[in-house]
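*Asks:* I would like to see how this sequence folds:
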Amino acid sequence: MVLLLFFWRYDMKKIIGIGLILILLIVGVSFFINNPINTGSDEDLSQQSVDYSENGISLSMPGDWVSAKSNSNETVLAVADPDYKDSAGFNSVNVNIEKKSNARSLQSEFTSNYNTLARNSDFNILFMGNVSFNDQAAMEADYTSVANNQTKQHKAIWIPKGSDIYVILCSAPESEFDNMVGTFDFIINSVRL
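*Replies:* Numbering: from 1, shown residues only. Alright, predicted model coming up:
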């Protein structure tokens, strides 16, 4: 009988010990799930989007992008990634929206523009064709340009609206363009004219 009581107490202590360990593990795991360890890094704003509006045009852009200035008089909205600067300190990854007022037809404006560029050896046309923008006919041109010994790649979407034509121009250094295509497409698809 004494021997039976001894084993019973020994097994109960073992069971209680294992139970306590399991409870501590469950509490510890739930604490770390609800309170993740802070690595000290700030929240990645590039993974968030923000809405931006100017001159009656709105779009969504990555949270770390900023409003930008353009040297084109036709630009009605410009945004840029502040992490990319050229040798002169200007933003080299950007999206500009230009407005051509009282334009001729989309086809004639588009063709005239890229025929002129094709005659300039600093430009190389990669693609020209018809596309759809928000379920309406539009045109796209992809090309490279060389200025100040830097090659940039561009994607331009031409959209008619009444007697105006809007051009969404996405630009990046040629070496970075493929990395930016997803961001450019995200911005283009969010544009509301």
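*Asks:* domains for this protein, by residue range?
*Replies:* Under the assignment automatic domain parsing, the domains of the chain span 1-39, 45-190.
*Asks:* The shortest one - what's its average pLDDT?
*Replies:* Domain 1-39 shows a mean pLDDT of 52 in the predicted model.
*Asks:* rewinding a little: out of the domains of the chain, name the one with the poorest average pLDDT.
*Replies:* When I compare the domains of the chain, domain 1-39 is least confident, with a mean of 52.
*Asks:* ok, and the closest non-adjacent residue to L106?
*Replies:* Nearest residue to L106 in three dimensions, chain neighbours excluded: P160, at 4.5 Å (Cβ to Cβ, 6 or more residues apart in numbering). C-beta: built from backbone N, CA, C; applies to glycine.
*Asks:* want to throw the domains of the chain into JSON lines with mean neighbour count?
*Replies:* Listed next are these as JSON lines, based on neighbours: other Cβ atoms under 10 Å:
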{"stretch": "domain 1-39", "mean neighbour count": "9"}
{"stretch": "domain 45-190", "mean neighbour count": "15"}
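*Asks:* so the residue nearest to L106 makes contact with R104?
*Replies:* No - with contact defined as Cβ atoms under 8 Å, P160 does not reach R104; the gap is 10.5 Å.
*Asks:* Just give the nearest non-adjacent residue to A147, would you?
*Replies:* D122 (6.8 Å).
*Asks:* Hmm, the one you found is touching Y143, no?
*Replies:* No - if you go by Cβ under 8 Å, D122 and Y143 don't touch, sitting 10.3 Å apart.
*Asks:* list residues touching both of the two?
*Replies:* In terms of Cβ atoms under 8 Å, 6 or more residues apart in numbering, D122 and Y143 are not both contacted by any residue.
*Asks:* mind listing the strands for the protein?
*Replies:* Ranges of strands in the chain, per DSSP state E, are 49-54, 57-62, 66-67, 75-80, 94-100, 123-133, 136-147, 150-161, 164-173.
*Asks:* List the contacts of D86.
*Replies:* Counting by Cβ under 8 Å, 6+ apart, D86 touches 92, 148, 150, 173.
*Asks:* do you know how far the second one is from V76?
*Replies:* Counting by Cβ to Cβ, to the nearest Å, the separation of N148 from V76 is 26 Å.
*Asks:* And for the first one?
*Replies:* When Cβ to Cβ is the yardstick, S92 and V76 sit 21 Å from each other.
*Asks:* Then the last one?
*Replies:* Per Cβ to Cβ, P173 is found 24 Å from V76.
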